[in-house]
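the sequence and its predicted three-dimensional model are supplied below.
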Amino acid sequence: MDPITGMENFFTSPLFVFFTSMFYIFLAAFWLSLGYWTLQDSRRRGANAPYWTTVSLLFPVFGWLIYLIARPPEYLEDVRERELEIKAIEAKLNGAEQECPSCKKEVSNDFLLCPYCRKNLKNACAKCSKALDLKWEICPYCKTAVK
């Protein structure tokens, strides 16, 4: 048997044709999955999803690698969550709210008593009715002595 004839028989054999067909199907599935993943990821990150999906489908591996380099670093949900956390921390630092010493729930700074447990948080000035800290001996707003 001639080696060239043996190779020819191998490349025309049903087993070789089956495995090459499976390989091409795998490549097509991989190509489509890269496009789908790029579409979903670019939507979650706020990038131009149709553009990046087209790039990743037209240039299968290289377009996807370019997207990985150029994509936004964070998901939109993460950015929104971080911004909300920053706002909450700023509000707490600015003193917009305080914690009730009794029940540990958040209450507004100008509350005289806790609406949850009814603990007295501050006294009211007899003259101007402003909220006064329990330790104060004089009202800083109207100079009235606290009783």
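The structure has been received and is ready for your questions. Numbers count the residues shown, from 1 in each chain.

wait, what's in contact with Q98?
Neighbouring residues of Q98 by C-beta atoms under 8 Å, 6 or more residues apart in numbering: E106, V107, S108, N109, L121. Every C-beta, even on glycine, is put in place using the N, C-alpha and C of the backbone.

the nearest residue to the first one once chain neighbours are set aside and L32: what is the separation?
In space, E106 comes closest to E97 once its chain neighbours are excluded; the distance is 4.8 Å by C-beta to C-beta, 6 or more residues apart in numbering. For E97, the distance to L32 equals 51 Å [C-beta to C-beta, to the nearest Å].

any idea what the closest residue to P115 other than its chain neighbours is bridged to?
In space, and not counting its chain neighbours, P115 is closest to V107: 6.8 Å by C-beta to C-beta, 6+ apart. Beta-bridge partners recorded for V107 (DSSP bridges): Q98.

count the neighbours of V107 for me.
18 (other C-beta atoms under 10 Å).
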